[in-house]
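K.L.:
Kindly return the folded structure for what I paste below:
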Amino acid sequence: MKDINDYRRDRTSAAAAMTAASELIGTTEASGAAQDDDAMVAAIAAFETAQADFAAADASVKRLEAVEAAAAASAQSETSQSSPVLGAPARAADPAAKGVDFGLMVQALANAKGSKDGAIARLDRDGHSGISAALSGATDSAGGVTIPRAQADDIIELLKPRVAVMRAGARTVDMPAGEIRNARQASSATAHYVAENEAVPASEPTFEPVNQNFKTLRSLVPVGNALLRHSSPALGALVRDDMLDVMGLRKDLAFLRGDGSSETPKGMGSWALAGHTQTAVGKTAAVVDAALRRMVSKVEDADTPMTNGGWIMRSSAKNFLASLRDANSGAPLYPSIERNGELLGYPIYTTSQLPDNLGVGGDETELFFADFNEMLVGDSMSLTLASSSEAAYVNNSGDTVSAFQNDLTLMRAIEEHDFVPRHDVAISKLTGAGWGL
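P.N.:
Coordinates of the predicted model:
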């Protein structure tokens, strides 16, 4: 069964088909073809088909938007008729409680075996009427329950500190239709000094496409049924953090080292240009300093705005750099690392998702420098949940574990996103040998 985002994608595709068919009609007319010419008839038929597809998809989108608006407007707890819910439920003022309502929704859905109505009833029974009212506006489909936008936004916001690229300042953009089509400037226009009455040489900037398409991240979290039998904010926070940890680690790895294969995002390492990449850099202080400064120069010399420059590396690489000493004075080479967490004037962000066992010697690690304002994370801004207490899963050791046999419930969360730099010259990458402690 299609949801509203599927119909939005259909509408976008139909609009693109209408544009292509219209351009084909114009080209055919310009060639002098008659209205009954086979090429003209085919072009008109293609346009009419795309127009009908657009109208159908547009009608479906508007119908489902009306349903969502009606559900949100009428949502209220049946156990508290004297206090109707007006607008969105109150949000927790305590930052530590942010996303707890998501965790309680997950618990309720797991206890109700994925039934939205059952989860709403359980939340009402346990005194969480505001959360049940929010859940009543969620979309229920064969793939699971799509969490309401407010709670999904909280979780996406909480993911940012767990994903180094997002923590460093990458911009998150909404792409509800499944794709975003932008353009990056490949070459710029030029300016010239000319004499009076002399013609100005013509110039024109060129552009190349920057497209993002959904990559689907599925996370599977086993939760003990003993925990799910209790409904409290503390346990809601525990479930929330389990889901965040699983999703955050995988997104972090993808946005840094993904190669774009097998429906995964293409990460910063794959986007980095060959001329912006250094490999097997030695660990002496002079070599390290020259390599780091070269990384910064590559990005700055590409006329990158440097609105949000920063480094991403392992903690062990950061500590290695902090331990380097000047050969003459013995003073720390980079005292700013200990003082304020900066290297060459830019902040350092650490992650465990960059390996430290690369290379022939097994002692190499990666570092990235970039203007993170040029990094874009396209996100559907939605989360879909499903649960099962009968399914099995494969653990980190490769063993198949039965949820039923071990009194577990498997929670599956589905999120859709993609990663792309607006300008790939805004990234530089280094692989250092022995850059660890």
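K.L.:
Identify the residues contacting stretch 388-397?
P.N.:
For stretch 388-397, the surrounding residues in contact (C-beta atoms under 8 Å, 6 or more residues apart in numbering) are 110, 113-114, 220, 222, 225, 400-404, 408-410, 412. Backbone N, C-alpha and C define where each C-beta goes, glycine included.
K.L.:
Off-centre distance for it?
P.N.:
26 Å (C-alpha atoms, centre = their mean, to the nearest Å).
K.L.:
Enumerate the positions of it that are buried.
P.N.:
Buried positions in stretch 388-397, judged by neighbour count with 16 or more other C-beta atoms under 10 Å: 388-389, 391, 393.
K.L.:
returning to what we had before: from the contacts of stretch 388-397, which is closest to Ala290?
P.N.:
Distance to Ala290 across the contacts of stretch 388-397 (C-beta to C-beta) is lowest for Leu220, with 45.2 Å.
K.L.:
Any buried residues in whichever strand or helix holds that closest one, and which?
P.N.:
Per DSSP states H and E: Leu220 is located in strand 215-224. Of the residues in strand 215-224, those with enough neighbours to count as buried (16+ other C-beta under 10 Å) are 215, 217, 219, 221, 223.
K.L.:
and the next element down the chain from it?
P.N.:
That would be, after strand 215-224 and using DSSP H and E, helix 225-228.
K.L.:
for whichever helix or strand Ala16 is part of, what is the average pLDDT?
P.N.:
In the assignment (DSSP H and E), Ala16 maps to helix 4-30. Helix 4-30 shows a mean pLDDT of 84.
K.L.:
With stretch 426-437 instead?
P.N.:
If you average the pLDDT over stretch 426-437, you get 95.
K.L.:
Ends of it, what's the gap?
P.N.:
For stretch 426-437, the first-to-last residue distance is 29 Å (C-alpha to C-alpha, to the nearest Å).
K.L.:
buried residues in it?
P.N.:
426-436.
K.L.:
So which of those residues belong to strands?
P.N.:
427-433 (DSSP state E).
K.L.:
Out of these, which is nearest to Leu333?
P.N.:
Among these, and counting by C-beta to C-beta, the member closest to Leu333 is Gly432, at 14.4 Å.
K.L.:
mind showing which ranges of the chain have poor pLDDT?
P.N.:
Low-confidence regions of the chain, defined here as pLDDT under 70, cover residues 1, 72-97, 137, 140-144, 176-190, 192, 200-212, 230-231.
K.L.:
related to what we said a few turns ago, quick one: which two of the ones in strands among the buried residues of stretch 426-437 are the most distant?
P.N.:
Between all members of those, the farthest pair (by C-beta to C-beta) comes out as Ile427 and Ala433, at 20.9 Å.
K.L.:
What residues sit buried inside the helix holding Ala16?
P.N.:
4-15, 17-18, 21, 24-25, 28.
K.L.:
CA atoms only for stretch 368-376, dumped as PDB, please.
P.N.:
What follows is stretch 368-376, C-alpha atoms only, in PDB (Å, rounded to 0.1, in the frame of the first residue of the first chain):
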ATOM      1  CA  PHE A 368      39.100  14.500   6.800                       C
ATOM      2  CA  PHE A 369      39.200  18.300   6.500                       C
ATOM      3  CA  ALA A 370      36.200  20.100   4.900                       C
ATOM      4  CA  ASP A 371      33.900  23.100   4.800                       C
ATOM      5  CA  PHE A 372      30.900  21.300   6.300                       C
ATOM      6  CA  ASN A 373      28.600  24.000   5.200                       C
ATOM      7  CA  GLU A 374      29.100  22.600   1.700                       C
ATOM      8  CA  MET A 375      27.900  19.100   2.800                       C
ATOM      9  CA  LEU A 376      24.200  18.200   2.300                       C
END
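K.L.:
what's the closest of the buried residues of strand 215-224 to Asn197?
P.N.:
Of these, the one sitting nearest to Asn197 (C-beta to C-beta) turns out to be Lys215, at 56.4 Å.
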